[in-house]
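J.: For reference, the sequence and a predicted model appear below.
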Amino acid sequence: QVQPVESGGGLVEAGESLRLSCEAGGPSFSLYAMGWFRQPSGKEREFVAGISWNGGNTRYSDSVQGRFTVSRDNDKEMVYLQMNNLKPEDTAVYYCNAATNTDNLAGLRGFARAWGQGTQVTVSS
């Protein structure tokens with residue numbers, strides 16, 4: 001099964017920004033909704049943001065609403081997560097994955113890709 005490749009993580013201070021990228025690839029990329037997820041150390045993976053197949057619909061978790069922006073480039077088969085005003089509680093390994101719609105992404109079900117290695121985001125206070 002195709003594994004996405006996430007990149008762009010790093011160590012930043014609170015209030016700073018990062019932009020994550022995901023090479024999602026695989027068959028029928030442009031037909032899938034794409035999402036970002038994160039897993040803090042010792043905790044379960046959680047939904048962060050999702051975008052529909054054509055970019056026309058986005059949804060965010062309450063904790064990142066207004067600070068994070070998800071986007072996609074279907075020609076390049078890439079998904080991005082712009083993260084502004086980062087907080088220490090945003091510290092986690094970030095992953096991307098695909099599903100048939102954003103409801104499935106938010107419900108953490110029906111994933112169309114295997115999980116990749118993720119990219120570490122660490123926010124210091």
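T.: It's in. Numbering: from 1, shown residues only.
J.: Give the bridge partners for Ala99, please.
T.: Counting by DSSP bridges, Ala99 is bridged to Ala33.
J.: What's the local residue count around it?
T.: By other C-beta atoms under 10 Å, 21 other residues sit near Ala99. Where you see a C-beta, it was placed from the backbone N, CA and C, and this is true even at glycine.
J.: which SSE is Thr122 in?
T.: Element membership of Thr122 [criterion: DSSP states H and E] is strand 119-124.
J.: Only the C-alpha atoms, please, for that strand, written as PDB.
T.: Output of strand 119-124 as PDB, limited to C-alpha atoms (Å, rounded to 0.1, in the frame of the first residue of the first chain):
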ATOM      1  CA  THR A 119       7.300  14.600  10.600                       C
ATOM      2  CA  GLN A 120       8.000  15.800  14.100                       C
ATOM      3  CA  VAL A 121       6.900  19.300  15.200                       C
ATOM      4  CA  THR A 122       8.200  20.600  18.500                       C
ATOM      5  CA  VAL A 123       7.100  23.900  19.900                       C
ATOM      6  CA  SER A 124       9.000  25.300  22.800                       C
END
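J.: chain center to it: distance?
T.: Computed by C-alpha atoms, centre = their mean, to the nearest Å, the chain-centroid distance of strand 119-124 equals 14 Å.
J.: for stretch 50-64, same thing?
T.: 10 Å.
J.: How about stretch 115-125?
T.: On C-alpha atoms, centre = their mean, the centre of stretch 115-125 falls 11 Å from that of its chain.
J.: Helix or strand: which one has the most centrally placed residue in the chain?
T.: The centroid of the chain falls nearest to Trp36 when counting by C-alpha atoms, centre = their mean (1.8 Å). Using DSSP H and E, Trp36 maps to strand 33-39.
J.: Who are the packing partners of that strand?
T.: Counting contacts by 3 or more C-beta pairs under 8 Å, 6 or more residues apart in numbering; DSSP states H and E, strand 33-39 is packed against strand 18-23, strand 46-51, strand 68-73, strand 78-83, strand 92-99, helix 102-106.
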